[in-house]
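> the following block contains a protein sequence and its predicted model.
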Amino acid sequence: MTPPGPPRVDPAGIRQTLRAAGLRARHSLSQNFLVDVDVLEDILAEAAPVAGGGVLEIGPGLGFLTAALLEAGATVCAVELDPGLAAFLRERFVTALAGSGPGSLRLIEGDALDQPLTRLLPQPYDVVANLPYHITSPILHRLLGEPPRPRRLVLMVQREVAERIAARPGGLSYLSVFVQYHAAVRILRRVPPTAFEPAPAVDSAVIVVEPFAEDDRLAPADEDALWRLVQAAFRERRKMIHNVLTRQLPVPPARIASALADAEIDPDRRPQTLAVGEWLRLLEALGPIGSDERGRRSPAEPRSTR
């Protein structure tokens, strides 16, 4: 089924819709409503909804993309934090909310960070979201950090974050390594501030994240050790990796030097230059790390405040 395009929207129309509903864009919730039809259509084309296919939408806003997903026959679960927008969506989508199966909508009013996101829909399901910038990292950790993972994620995020997630060795961060361990990532397109109402102060980008098969990952205990290793290294990302790990891990320097040699990693390299495969080789060469309070953090980054 070819999905219909989203309705024609523009900044004036968004402002009028908000006023008519007694709503306003709330800066405290990072609300910026997408009004560029070309961007909406690109997101919809990449999401490629099919009749009966499950789609998790985080932050549906005024429901323009939601409407197009429903018209394509998708089974949509939308999570909206703003009570006013949730009330607006309940009024707009009365029929879809009353239905079940293809073209139906389940609306959850609440914080996406408080929801069991990977269990709201049966597999396979996709994710479409215009993410508030301050929750991008914790949302990615919740969606990728444990099964059942989505089939595909099409996300609007801050451009700087998109480039960090999709970075190549030399510009990697902990978030880059985490996402690229779990999934293939590409930037679909860049989005200027003028595509939103109100316009944000930064550029945005649409990224496509396609998780790898579940059997492509380490066993849970080994994966925990991987994140402990990576987190330790990125506490001093611009320092030489041998020196960083010696300071940050309860492992003798000689053993770290030996592991780096076995993994064919120059000890003078910086953590931001190591690709995912090199981290995996280093973990295997290093072996058990031992007990240390600094290494007991969850791989998920701290939750941002709203």
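Ah, there it is. Numbering: from 1, shown residues only.

> which one's the longest helix in this protein?
helix 220-234 (DSSP state H).

> ok, residues contacting the next helix or strand after that helix?
Moving toward the C-terminus from helix 220-234, the next helix or strand (DSSP states H and E) is helix 241-248. Contact with helix 241-248 is made by 229, 232-233, 235-236, 251, 253, 256-257, 260, 265, 267-271, 274, 294, as judged by Cβ atoms under 8 Å, 6 or more residues apart in numbering. The C-beta positions use only the backbone N, C-alpha and C, and glycine is treated the same way.

> buried members of the residues you listed into PyMOL, please.
To isolate the buried subset of the contacts of helix 241-248 in PyMOL, counting by 16 or more other Cβ atoms under 10 Å, use the following:
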select buried, resi 229+232+233+236+251+256+260+265+270+271+274
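
> among the contacts of helix 241-248, which are located in helices?
Going by DSSP H, the helices hold L229, A232, A233, P253, I256, A257, L260 from the contacts of helix 241-248.

> got a list of what the residue lying closest to A96 once chain neighbours are set aside touches?
Spatial nearest neighbour of A96, excluding adjacent residues (Cβ to Cβ, 6 or more residues apart in numbering): L105 at 3.9 Å. The neighbours of L105, taking Cβ under 8 Å, 6+ apart as the test, are T66, L70, V76, C77, A78, F93, A96, L97, G99.

> show the average pLDDT along whichever strand or helix holds H141.
Following DSSP H and E, one finds H141 within helix 136-144. Averaging pLDDT along helix 136-144 gives 96.

> how far does it sit from the chain's center?
5 Å (Cα atoms, centre = their mean, to the nearest Å).

> R189 looks like it's in a strand, true?
Yes. Assignment of R189 by DSSP: H, G, I helix; E, B strand; the rest coil places it within a strand.

> hmm, back to that, how far away is the residue nearest to A96 from I139?
20 Å (Cβ to Cβ, to the nearest Å).

> tell me what the longest helix of the chain is packed against?
Applying 3 or more Cβ pairs under 8 Å, 6 or more residues apart in numbering; DSSP states H and E, we find helix 220-234 packed against helix 174-182, helix 241-248, helix 276-286.

> residues in contact with it?
Everything outside helix 220-234 that qualifies as a contact, by Cβ under 8 Å, 6+ apart, is 173-174, 177-178, 181, 217-218, 241, 244-245, 248-249, 271-272, 274, 279-280, 282-283, 286, 288-289, 294-295, 297, 299.

> using PyMOL, define a selection of the buried residues within those residues.
To isolate the buried ones among the contacts of helix 220-234 in PyMOL, judged by 16+ other Cβ under 10 Å, type:
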select buried, resi 173+174+177+178+181+217+241+244+245+248+249+271+272+274+279+280+282+283+286+289+295+299
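
> thanks again, I'm all set now.
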